[in-house]
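Student: predicted model and sequence follow; I will ask about them next.
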Amino acid sequence: MSWNNILVEKDGHTAVLTVNRPQVLNALNAETLLEIDKAVDELAADPAVRVIIITGAGEKAFVAGADIAFMSKLTPLEARDFARLGQRVLGKIENLPKPVIAAVNGYALGGGCELAMACDIRVASEKAKFGQPEVNLGLIAGFGGTQRLTRLVNPGIAKEILFTGDMIDAETARRIGLVNHVVPAEELMAFCKSLASRIASRGPVAVRLTKEAVNEGLEMDLEKALAHEADLFGLVFATSDREEGISAFLAKRQPQFQGK
Ligand code: DAK
């Protein structure tokens, strides 16, 4: 498949999806979002792919937001469709049955910060900067920023970021829990690939059901979430991965999971 705005590479069980519009700091227009949508569907359907890394092309940016030039031409109805498209694509990433790691290599602003927050795990280069600068443009965050940031970090801190539009650096993002790790820029991709391959070596069905238990459980009260976890725990007992994992442990060998 050839793409105009993204790159997709596969390396073992890991796929890397790169937003590839470095001339506009990888800003997201509708065409780019539609390509991400399609690529993510294909990666979800490919049994060889167990973990996806999302990053941005070039030295400066992960994604510097929704494409402001593109948005400036939208009518209110088109703007609503654009916001719905962004929310749908980010929702798909969030609920994809495979883990997604954001390798944040530079500016993650507005829609870019929202894209990173839709991923399961965020790793930042020391050069990364995060922010929701929509208020500088007289806009509000349109791809879930008011909701995901408030769920990821303390609501008071989220509101300060959303109300001021100020950028925060990678170390601050780590301190408030927005990113898991900060690494030197030149080590970012190797770090993310190593994390991805550790996850990919675990039972794929177990990882998938764990993501489901966490995501769906966050929307439930504890009692219902625990009942849901117990159901998924039962379900995993029907898999050959579970038999392989337990036999390998007892035989003191490494498991060979098939994702079944
Ligand atoms: N969109 C389009 N082009 C962008 C861009 C963006 N978000 N960010 C940067 N660019 C372009 C610049 O215009 C410039 O293009 P040329 O002038 O070379 O043609 C090129 O990328 C390089 O940028 P700079 O020359 O500005 O580079 P600097 O290093 O000087 O500055 C910067 C880097 C990241 C600080 C600066 O570019 C900047 O402030 N960019 C804008 C960041 C921003 O405000 N992002 C948030 C966008 S708003 C909604 C739907 C969605 C959203 C909201 C509502 N609904 C429909 C309700 C989401 C909104 C956003 O994400």
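Tutor: Good, I have the coordinates. Numbering: from 1, shown residues only.

Student: now do the contacts for the residue nearest the centre of the chain.
Tutor: With distances taken as Cα atoms, centre = their mean, the chain has C119 as the residue nearest its mean C-alpha position (1.6 Å). If a contact means Cβ atoms under 8 Å, 6 or more residues apart in numbering, then C119 has 54, 93-94, 100-102 as its contacts. The C-beta positions use only the backbone N, C-alpha and C, and glycine is treated the same way.

Student: quick one: those as a markdown table, columns for distance to R174, pLDDT and neighbour count too.
Tutor: Listed next are the contacts of C119 as a markdown table, based on distance: Cβ to Cβ, whole Å; pLDDT from 0 to 100; neighbours: other Cβ atoms under 10 Å:
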| residue | distance to R174 | pLDDT | neighbour count |
| --- | --- | --- | --- |
| I54 | 19 | 99 | 27 |
| I93 | 21 | 98 | 22 |
| E94 | 21 | 97 | 16 |
| V100 | 19 | 98 | 24 |
| I101 | 15 | 99 | 25 |
| A102 | 13 | 99 | 30 |
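
Student: want to try JSON lines for those residues, with secondary structure and distance to the ligand as columns?
Tutor: As requested, the contacts of C119 are exported to JSON lines (DSSP: H, G, I helix; E, B strand; the rest coil; distance: Cβ to the nearest ligand atom, whole Å):
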{"residue": "I54", "secondary structure": "strand", "distance to the ligand": "16"}
{"residue": "I93", "secondary structure": "helix", "distance to the ligand": "16"}
{"residue": "E94", "secondary structure": "helix", "distance to the ligand": "16"}
{"residue": "V100", "secondary structure": "strand", "distance to the ligand": "19"}
{"residue": "I101", "secondary structure": "strand", "distance to the ligand": "21"}
{"residue": "A102", "secondary structure": "strand", "distance to the ligand": "15"}
